[in-house]
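>>> Below are the sequence and a predicted model for it; my questions follow.
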Amino acid sequence: MDKNLLNLKNIIEEKVFLSKKNAKIANDTGREIDWVFDFRKILFDVEILNQISNLFLEKLKDLPKFQIGGLETASIPIITSVILNSNKNISGFYVRKSREKNDLQNMTEGNLTGEPIVLVDDLMNRSLGFIRQIEVLESLGKKVIAVCTILRFRDISYYKYLNDKGIKIFSLFTLEDFKDTLGTSLLENKIKESPDFPFKINWQVKIPNPAYLYVVPKSAPIIDESFIYFGSDSGNFWALNQETGKEVWRFKILGFGANGKTIFSSPTLYKEFVYFGAYDGNFYALNKETGKKKWIFMEADWIGSSPAIAEDLGLIYVGLEFGFWKKRGGIVALNAETGKKKWECKFDGLTHSSPAYYKKNKFVVIGSNDGGVYCFKAKTGEMIWKFQTGGEVKASFDFDEKKELVTFGSHDGKLYILKVKTGEVVHTYDTGMVIYSSPLIYDNKVFFASLNKFIYCIDLNNFELIWKFETQGRIFASPIAIDGKIYIGSNDARLYEIEPQTGKNTGIFQSVERIVNKIAYNEKTKRFFVPTFANEIYCLSKTVKDVDI
C-alpha cells in the first residue's frame, strides 16, 4: 500500500472507526449496532480532505472529462475539495435526499452540465444511496459513468445494479483493509446477499403540477380489467389504459380544493361506477367507462377519506370533514347507485380516515382525528361501539373474519387489534412513532408499518413479533400481498418485495420520487402499478427469470 494511502488508513483507524467497546452506537432508528465508520469526523479537516480528494483524482485520472456530484451531506465537502484540487475545470453539484418543497422544488443543486458524471461519497455498503441518485440523474437525461468512495464494504461483484449499467466502481479501501481492526466475525456479519432488482418499466406516466408540499398518502390507483383509475393534485381524476398508459378520459372536479389539496381520496369501483372524494367537499360517482358524471354528493366542506363499498347492501361509505367549531367530521352512507343519503353520523374531529366494511356482521368501521374509532351497523348507522386511542386515526382497517378481529394504527404509534363485535382490546404493539398507513392481515399474520422506517410482522396466533424490516425512509404506504410476497413502498422511493415468513427483502424497485400509497396489481397480466407522491404511475413487470412458473 502506497504511503499516502497508508497514512490515510492510519487516520481512519484512529479517528473514524468506532466500536461498541468504546462508544454507544445506534442507527437512525435507535437500534444499537456493533461498529461504525464516522467519516464526518475528518471531512472538515482541510489537510485530510485534501489527501482524500487527491487520492480520488488519482483513481479517476483515466476517465474522460466529467462532472462530479453526490448525495447530501457527506459528499459535499468531498465534491468541493476535488473541484479545488483538480487542475481541470470540473463542474460540481449535489443531489438532495428529498425534493425541495418550496422555491424551485429541485432534486439537485448546482450546475448540471452535459458531461458524464462521477458520483462520490464517504462509503458504500449496499449502494442503495447511489442507486437513488442514478435514477434521479437518469430522469434528467444525465449519464453516470463511475462511483468513487473512501471505503467500500463489499466485493465489486455484489453491486449488480451498477455492473449491469456499466458504471465503474472505485474505492480507496475495502473492509478487508481493516480486518485487523474489525475482527473476522464483525467483518463476516456485514457481508450479505446482494439485493435483487427484478422489475422492468413497461411505461411511466407523469401527471402535471404535483403538490410536492404534501408528502402523505394521496389517491392510490385502483384497476379493473382494462383501466387504471386515480386522482391527481391538478384536480383531475384519470382513467388510463393499463396496456399503454395512454389517457382514456379525465374528469375535472368542480371546486378548487383547499390549501393546495385537491384529490387525496383513493377511488372505489362498483358495477359501472367509480367513486372518489375531493377537497372541494364533493363526493363523485362517475361512469367508469366514459368519465361522465352519474351523481355528486355535496354536503361536506372537504373529503380526504377514501370510500368503502358494501356490495351486498348497495351502500357506499366515506368520511366527511367540516369547518364547524365542534362537529368537525363524520361518516355518511349513500345509496351507491343514486347518491341518496341513507344515514350520517358526526364526530368531534376531522375525519380523514377511510371506512372499512366487515361483511360477516354487516359492520362499518372508521377512525377520526379525535382519536376515536367508531363501529356502526352498516345498514342503519346504529353505533355498536367506540374505542378511544391516544392519537389521530388517519388510515383504514383490516379484518380477520375467522378470529373476528379488526386491526388499525394510530398516531399514538400503536397498532391495535380489537374484537370486531365489541371493540375490546386483544393486543397492542407500540412502534414509538406515528402509524399513518393501513395494516394487512395475510397468512394468519398482520403486516404494518410506521414512520420510524420499519415494517413489522406479528403472528395472530400468539401476537408475538415474528420480524421487522428496516427501510431507509418513513413509511406512509400500506402493504399488499401479491403471489405470496408482501409489497410496500417507502419514502426512500423504493418498492420492497418481502418474504412474509422471514422478512427477507427479495426484490427492490427504485423510483425517483417517494412511494406513499399502496400499489395495485393485475393478476391476469402480472403487472404492478406503482404510484408516487409526485403524481406518477409506473407500470412494472417482473423480469422473466423471477416469475414463478
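Received the coordinates, thanks. Residues are numbered from 1 along each chain as shown.

>>> For my notes, confirm N163 occurs in a helix.
Yes - remark: N163 belongs to a helix, assigned using DSSP: H, G, I helix; E, B strand; the rest coil.

>>> does it really touch V147, like I thought?
No - with contacts counted by CB atoms under 8 Å, N163 stays clear of V147, the gap being 11.3 Å. Glycine gets a C-beta too; all of them are placed from N, C-alpha and C.

>>> shared neighbours, those two?
I169 (CB atoms under 8 Å, 6 or more residues apart in numbering).

>>> out of these two, which sits in the busier spot?
Higher neighbour count among N163 and V147: V147, with 25 against 13, using other CB atoms under 10 Å.

>>> residues contacting that one?
V118, L119, V120, D121, M124, S127, F130, L162, I167, K168, I169, F170.

>>> And for T181?
Residues counted as contacts of T181 (CB under 8 Å, 6+ apart) are E13, F17.

>>> On the three-state scheme, it is what?
Local secondary structure at T181 is given as helix here, using three-state DSSP.

>>> for the residue nearest the centre of the chain, phi and psi?
By CA atoms, centre = their mean, the mean C-alpha position of the chain lies nearest to S490, the distance being 2.0 Å. Main-chain dihedrals, S490, degrees, to the nearest 10: phi -140, psi 170.

>>> what separates it from G473, distance-wise?
S490 sits 4 Å away from G473, going by CB to CB, to the nearest Å.

>>> Quickly list what's touching both of these two.
Common neighbours of S490 and G473 (CB under 8 Å, 6+ apart) are K453, R514.

>>> Counting neighbours, which bits of the longest helix anywhere in the chain end up buried?
Within the chain, and with DSSP state H defining each element, the longest helix by residue count is helix 46-59. Within helix 46-59, the residues that qualify as buried by neighbour count (16 or more other CB atoms under 10 Å) are I48, L49, Q51, I52, S53, L55, F56, L57, K59.

>>> what's the closest of those to G314?
Within the buried residues of helix 46-59, proximity to G314 (CB to CB) peaks at F56, which comes in at 67.5 Å.

>>> Contacts only, for the closest one.
F56 makes contact with I78, V82, V120, C148, F170, L172 under the criterion CB under 8 Å, 6+ apart.

>>> hang on, the earlier thing: output the contacting helices and strands for the helix or strand that comes right after the longest helix of the chain.
Following helix 46-59 in sequence order, the next helix or strand is strand 67-69 (DSSP states H and E). Helices and strands touching strand 67-69, by 3 or more CB pairs under 8 Å, 6 or more residues apart in numbering; DSSP states H and E, are helix 75-85, strand 93-95, strand 117-124.

>>> For the longest one, list every residue counted as buried.
Of all the residues in helix 75-85, those buried under the rule 16+ other CB under 10 Å are S75, I76, P77, I78, I79, S81, V82, I83, N85.

>>> List the contacts of it.
Applying CB under 8 Å, 6+ apart, the set of residues contacting helix 75-85 is 43-44, 49-50, 52-54, 56-57, 68-70, 90-94, 119-122.

>>> how much does that helix deviate in direction from strand 117-124?
Relative orientation of helix 75-85 with respect to strand 117-124: 130 degrees, computed using axes from the mean of the first three to the mean of the last three CA atoms, to 10 degrees.

>>> what's the closest non-adjacent residue to L315?
If you skip the residues right next to it in sequence, L315 has A333 as its closest partner in space, 5.0 Å away by CB to CB, 6 or more residues apart in numbering.

>>> coming back round to it: hmm, the residue nearest to the centre of the chain is touching I498, no?
No - taking contacts as CB under 8 Å, S490 lies outside contact range of I498: 11.4 Å.

>>> circling back to that earlier point, any idea which helix or strand carries the residue nearest to L315?
With DSSP H and E as the criterion, A333 is inside strand 329-335.

>>> Parallel or antiparallel, which strands does the following helix or strand past that strand pair with?
The C-terminal neighbour of strand 329-335 among helices and strands, as given by DSSP H and E, is strand 341-347. Sheet neighbours of strand 341-347, with direction, are listed as strand 329-335 (antiparallel) (DSSP bridges).

>>> So what touches the strand it pairs with?
Counting by CB under 8 Å, 6+ apart, strand 329-335 makes contact with 283, 297, 299, 314-322, 340-352, 355, 364, 366, 368-370, 374, 376, 378, 381, all of which sit outside it.

>>> from the chain's centre, how far out does that strand sit?
Taking CA atoms, centre = their mean, to the nearest Å, one finds the center of strand 329-335 at 30 Å from the center of the full chain.

>>> Convert that strand to CSV, retaining C-alpha atoms only.
Output of strand 329-335 as CSV, limited to C-alpha atoms (Å, rounded to 0.1, in the frame of the first residue of the first chain):
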residue,chain,number,x,y,z
GLY,A,329,-66.1,15.3,10.8
GLY,A,330,-68.3,12.3,10.3
ILE,A,331,-69.3,9.4,8.1
VAL,A,332,-72.1,9.1,5.6
ALA,A,333,-73.8,6.1,4.0
LEU,A,334,-75.1,6.7,0.5
ASN,A,335,-77.1,4.6,-2.0
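
>>> ok, and for it, which residues are buried?
For strand 329-335, by 16+ other CB under 10 Å, it's G329, G330, I331, V332, A333, L334.

>>> Make JSON lines from these and add pLDDT to it.
Output for those, formatted as JSON lines (pLDDT from 0 to 100):
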{"residue": "G329", "pLDDT": "96"}
{"residue": "G330", "pLDDT": "97"}
{"residue": "I331", "pLDDT": "98"}
{"residue": "V332", "pLDDT": "98"}
{"residue": "A333", "pLDDT": "98"}
{"residue": "L334", "pLDDT": "98"}
